[in-house]
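[1] What would the 3D arrangement of this be:
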Amino acid sequence: MRKFSAEPHAPKYRQVFENLSREILSGKYRPGQKFPSEAALVRQFRTSRITIGRALRELVQRGLVERVAGSGTYVRQAHAADDGLLFGLLIPDLGETEIFEPICRGIAGAPDASRHALLWGHHDAAHASPVAQALELCGQFIARRVSGVFFAPLEMAGAGETNLAIVARLEKARIPIVLLDRCVMPYPSRSRHDLVGIDNRRAAYMATEHLLKLGAPRVAFLAHAGGAPTVEARVTGFREALLANGIDLKRGPVWRVEAVTDESIGPLVEHGKRGDGFVCANDRTAGQLMRVLLAAGYRIPKDVRIVGIDDVEYASLLPVPLTTVHQPCREIGEAAMAAMLARSERPGMAVRDILVDCRLVVRDSSGG
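    Numbering: from 1, shown residues only. Below is the predicted model:
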């Protein structure tokens with residue numbers, strides 16, 4: 001399992017805390033399991049016992065572990081403190097979509113989270129489909145009578161019915177839901193639950209306008225087929241930017257592919273001009289496009305300009321550092337926790353879309 005650390009400038013104890021909290025939330029350590037000793041953690045992270053001690057105290061304060069005198073440290077059982085609440089994390093794409101690990105860190109590290117506990121359900125991933133896993137986790141949370149569920153809907157093809165079934169089961173159990181990143185309903189329909197994310201239309205608009213201002217003779221939008229509602233919102237923002245800049249939509253194709261390969265993108269690049277631009281639905285698609293183009297001998301950004309959306313951890317480490325729209329995942333997590341607590345206190349208040357600000361990060365791939 002990959003580890004995710006804090007920003008490079010963060011104190012060492014904070015980096016250790018975030019690595020350990022991520023491992024606990026992901027299920028590496030089960031509730032009630034004895035935690036590694038301080039000596040073992042000193043060796044693992046190659047740091048001082050003082051640093052490890054401070055990180056462990058932070059884990060205790062967050063309700064993730066408890067220390068038993070004369071016995072050691074144990075992963076906290078899945079219940080909240082007497083004055084706190086227990087919330088479930090239902091994020092089936094955690095390991096597949098890069099934005100959700102830092103969002104989870106934001107939820108766990110939110111200023112209002114210290115009195116409450118987070119429950120990550122367990123499932124047999126080796127013998128169950130993502131749909132079955134999501135339904136099983138939903139059942140676990142209902143059985144544990146959690147006070148609320150943070151739910152990132154599945155975005156795989158045909159997952160709509162599963163997402164709606166999960167929401168219906170939680171609603172029947174009268175468990176509040178805060179949706180992360182995307183809605184369970186196709187636009188312009190709207191669910192009855194709070195949603196926290198970014199303005200995806202604005203994100204794609206910024207990315208597209210950036211390429212147009214650089215003089216790209218043609219700009220295309222590239223996405224995988226069967227995308228999530230967030231992708232459809234980004235397509236809308238792409239088209240709005242074209243129209244606002246006087247570009248006919250026929251000159252701005254939206255290209256949906258099953259996989260990014262020479263064959264799938266060939267028609268787009270073979271008949272293009274030097275400096276054409278691609279707005280990609282996310283950074284993963286942008287990285288795949290970059291790999292295919294570089295292997296085919298194209299120069300980035302001289303021949304093709306590329307912009308992504310999300311600003312995942314590896315975006316600046318690609319062969320050509322990626323221009324992208326930064327999605328503030330930690331802040332999304334913090335806003336989600338605030339939304340959940342507000343919903344718990346005032347169940348009847350109006351449903352909200354909470355949009356956290358995003359910004360364009362210009363690197364080499366766009367030539368800006």
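[2] Give me the contacts around stretch 208-219.
    Contacts to stretch 208-219, defined as CB atoms under 8 Å, 6 or more residues apart in numbering, come from residues 221, 237-238, 241-242, 244-245, 247, 251-252, 272-279, 305, 307, 323, 360, 362, 366-368. No exception for glycine: its C-beta is placed from N, CA and C like everyone else's.
[3] again, only using 10 Å
    207, 220-221, 234, 237-242, 244-247, 251-253, 268, 271-279, 301, 304-307, 323, 325, 360, 362, 366-368 (CB atoms under 10 Å, 6 or more residues apart in numbering).
[4] Now, of the residues you listed, which are buried?
    Listed as buried from those are 207, 220-221, 234, 237-242, 247, 252, 268, 272, 275-279, 301, 304-307, 323, 325, 360, 366-367; burial here means 16 or more other CB atoms under 10 Å.
[5] quick one, what contacts the residue most central in space within the chain?
    Taking CA atoms, centre = their mean, the centroid of the chain lies closest to residue 99, which sits 2.4 Å from it. By CB under 10 Å, 6+ apart, the contact list for residue 99 reads 93, 152, 180-181, 197-198, 282-283, 310-313, 327, 329, 332.
[6] mind redoing it with 6 Å?
    Residues counted as contacts of residue 99 (CB atoms under 6 Å, 6 or more residues apart in numbering) are 310, 327, 329.
[7] Mind pulling the model confidence for residue 232?
    Looking at residue 232, its pLDDT reads 91.
[8] Next up, the contacts around it.
    Contact analysis of residue 232 by CB under 6 Å, 6+ apart lists residue 187.
[9] Please export the C-alpha coordinates of the helix or strand hosting it as PDB.
    Element membership for residue 232, per DSSP states H and E: helix 229-244. The C-alpha atoms that make up helix 229-244 are tabulated as PDB, following Å, rounded to 0.1, in the frame of the first residue of the first chain:
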ATOM      1  CA  PRO A 229     -20.900  13.900 -13.600                       C
ATOM      2  CA  THR A 230     -17.800  16.000 -12.800                       C
ATOM      3  CA  VAL A 231     -16.500  15.200 -16.300                       C
ATOM      4  CA  GLU A 232     -19.700  16.400 -17.900                       C
ATOM      5  CA  ALA A 233     -19.500  19.600 -15.900                       C
ATOM      6  CA  ARG A 234     -15.900  20.100 -17.200                       C
ATOM      7  CA  VAL A 235     -17.100  19.500 -20.800                       C
ATOM      8  CA  THR A 236     -19.700  22.200 -20.300                       C
ATOM      9  CA  GLY A 237     -17.000  24.600 -18.900                       C
ATOM     10  CA  PHE A 238     -14.800  23.800 -21.900                       C
ATOM     11  CA  ARG A 239     -17.500  24.700 -24.400                       C
ATOM     12  CA  GLU A 240     -18.500  27.800 -22.500                       C
ATOM     13  CA  ALA A 241     -14.900  29.100 -22.800                       C
ATOM     14  CA  LEU A 242     -14.800  28.400 -26.500                       C
ATOM     15  CA  LEU A 243     -18.100  30.300 -27.100                       C
ATOM     16  CA  ALA A 244     -17.000  33.200 -24.800                       C
END
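[10] what sits up against the helix or strand just after that helix?
    Once helix 229-244 ends, the next helix or strand along the chain (criterion: DSSP H and E) is strand 254-257. Strand 254-257 is contacted by residues 220-223, 225, 235, 264, 268 when judged by CB under 6 Å, 6+ apart.
[11] tell me the contacts of the most far-flung residue of the chain relative to its centre?
    Taking CA atoms, centre = their mean, the residue of the chain most remote from its mean C-alpha position is residue 70, at 39.6 Å. Residues near residue 70 by CB under 6 Å, 6+ apart: none.
[12] Doesn't it belong to a helix?
    No - counting by DSSP: H, G, I helix; E, B strand; the rest coil, residue 70 is not part of a helix but coil.
[13] Roughly how far does it sit from residue 64?
    21 Å (CB to CB, to the nearest Å).
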